[in-house]
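**Q** Sequence first, predicted model second:
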Amino acid sequence: MIELEGLTKRYGEKVAVNNLTFAVRPGIVTGFLGPNGAGKSTTMRMVLGLDHPTAGDVRIDGQHYDHLRDPLTYIGALLDAKAMHGGRSAFHHLLCLAQSNGIPKARVHEVLDTVGLTPVANKKAKGFSLGMGQRLGIAGALLGDPRILMFDEPVNGLDPEGIHWIRNLMKSLAAQGRTVFVSSHLMSEMALTADHLVVIGQGRLLADTSMADFIQQNSRSYVRIRSPQRERLLDVLHGAGITVVETGSGMLEVDGGKPEHIGELAAQHQIVLHELSPQQASLEEAFMQLTAESVEYHAHADTPHTPTPRPAPQWGGDWKRG
Ligand SMILES: Nc1ncnc2c1ncn2[C@@H]1O[C@H](COP(=O)(O)OP(=O)(O)OP(=O)(O)O)[C@@H](O)[C@H]1O
């Protein structure tokens, strides 16, 4: 379990993370969403003790990261796949991590196999593609067989097979009772992977809820109806006290209606239906709706806005014995 309480991080005037309180629970995949610059990576860095909170607290299974003995055996993380020594082979990179955390060498071979990098184990990491780098970063996260896993944008650079693989990996890690905390901008992927969502905007908590509730609470669900006897159907629905929205394309929409009820009414009045389909907004639509006001970096056709570059997080470099 990861627990945040009033977690806050300021960089000068900028409040990157603002009083976040939530818990990431075991046994499920928790998605961490937010527009660019919302504070996701800063939060994750604070979980790993790579950044120190201005205020508040974050604990891993009740302990501060700095107090964990052999931290890789508690929490494995992928924050920045490029934050590794490019001159080392994949095998050596993992071996160094293993040795500093009391993990046996045999485990290095196991995780290389799990992520599919055994054939390139002796190749230097600097020659790796983005996707291979992601796999190596994931191998590092799995090395200590930790109860908690945290991935920042793990599907970045992965091909469709790789995306499918990481989705199943995360689900199976959660099914084993582990805590899995993952950020991604790929909403369709998140919708397939996460059971629970934590959403932040401009450093503040916007939602901490199940995937189903999040979509339901932040979007419109309705029944779409198409009928060649549109006018008669309208009369019947109005007669039954149902509010109908008429769309320009000739469709009818009933907010929050039950398709069974509408279908039965139509049948009772012998009205032909060509379509009767429940419509649920996608995670992407719900996310856009919730975060619309906290998006900092809008694209403009003629004035592209680029956030100020900042140093890459030093993943792995600060990990040490407690
Ligand atoms: N080391 C730093 N110094 C100054 N400002 C920083 C630093 N790290 C992050 N910030 C600022 O804090 C805010 C949150 O950044 P962060 O990278 O945590 O957001 P994010 O949600 O991970 O964004 P993205 O989705 O674009 O990766 C941003 O405005 C960013 O510019």
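**A** Everything's here; your move. Predicted model, so just to flag it, every value in this text is computed and none were measured. Numbering: from 1, shown residues only.
**Q** Going by C-alpha atoms from here, please, whenever you check contacts or count neighbours.
**A** Will do.
**Q** Which residue ranges make up each domain of this structure?
**A** 2-211, 220-280 (automatic domain parsing).
**Q** just so I know, which of these lies nearest A292?
**A** Set against A292 and scored by Cα to Cα, these come closest in domain 2-211, at 9.0 Å.
**Q** just how off-centre is the closest one within its chain?
**A** 11 Å (Cα atoms, centre = their mean, to the nearest Å).
**Q** before we move on, the earlier item: which of the domains of the chain sits closest to F287?
**A** In terms of Cα to Cα, the element of these nearest to F287 is domain 2-211, at 8.3 Å.
**Q** how about the closest one, does it get close to the ligand?
**A** Yes - Domain 2-211 lies within reach of the ligand by Cα under 6 Å from any ligand atom, at Y11, A16, G34, P35, N36, G37, A38, G39, K40, S41, T42.
**Q** Tell me the buried residues within those.
**A** A16, G34, P35, N36, G37, A38, G39, K40, S41, T42 (16 or more other Cα atoms under 10 Å).
**Q** pretty sure the fifth one is touching R204, no?
**A** Going back to what we said before, that points to G37. No - in this structure, G37 is not within contact of R204 by Cα atoms under 8 Å, at 11.5 Å.
**Q** returning to that earlier point: could you work out which of the domains of the chain reaches nearest to E293?
**A** Of the domains of the chain, nearest to E293 by Cα to Cα is domain 2-211, at 8.4 Å.
**Q** Tell me who's in contact with I75.
**A** The contact partners of I75, taken as Cα atoms under 8 Å, 6 or more residues apart in numbering, are I60, A141, G144, P146, R147, I148, L149, M150.
**Q** residue contacts, the nearest residue to the third one once chain neighbours are set aside?
**A** If you skip the residues right next to it in sequence, G144 has T73 as its closest partner in space, 4.2 Å away by Cα to Cα, 6 or more residues apart in numbering. Going by Cα under 8 Å, 6+ apart, T73 touches N101, L143, G144, D145, P146, R147.
**Q** among those residues, who's most crowded?
**A** L143 (27 neighbours; other Cα atoms under 10 Å).
**Q** okay, now A267: neighbour count?
**A** A267, neighbours per other Cα under 10 Å, totals 12.
**Q** Roughly how far does it sit from H164?
**A** Distance of A267 to H164, given as Cα to Cα, to the nearest Å: 43 Å.
**Q** which other helices and strands contact the host helix or strand of H93?
**A** Per DSSP states H and E: H93 is located in helix 90-99. Judged by 3 or more Cα pairs under 8 Å, 6 or more residues apart in numbering; DSSP states H and E, helix 90-99 is in contact with helix 105-114, helix 130-142.
**Q** Alpha carbons only: can I get the shortest one in PDB?
**A** Right, the one you point to is helix 105-114. Extracted in PDB, the C-alpha atoms of helix 105-114 (Å, rounded to 0.1, in the frame of the first residue of the first chain):
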ATOM      1  CA  LYS A 105      22.200 -13.100  -9.700                       C
ATOM      2  CA  ALA A 106      19.700 -15.800 -10.800                       C
ATOM      3  CA  ARG A 107      16.900 -13.300 -10.400                       C
ATOM      4  CA  VAL A 108      18.500 -11.100 -13.100                       C
ATOM      5  CA  HIS A 109      18.200 -14.000 -15.600                       C
ATOM      6  CA  GLU A 110      14.600 -14.500 -14.600                       C
ATOM      7  CA  VAL A 111      13.500 -10.900 -15.100                       C
ATOM      8  CA  LEU A 112      15.400 -10.600 -18.400                       C
ATOM      9  CA  ASP A 113      13.400 -13.600 -19.500                       C
ATOM     10  CA  THR A 114      10.100 -12.200 -18.200                       C
END
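**Q** what about that helix, average pLDDT?
**A** The average pLDDT for helix 105-114 rounds to 94.
**Q** Likewise for the last one?
**A** Along helix 130-142, the predicted confidence averages to a pLDDT of 90.
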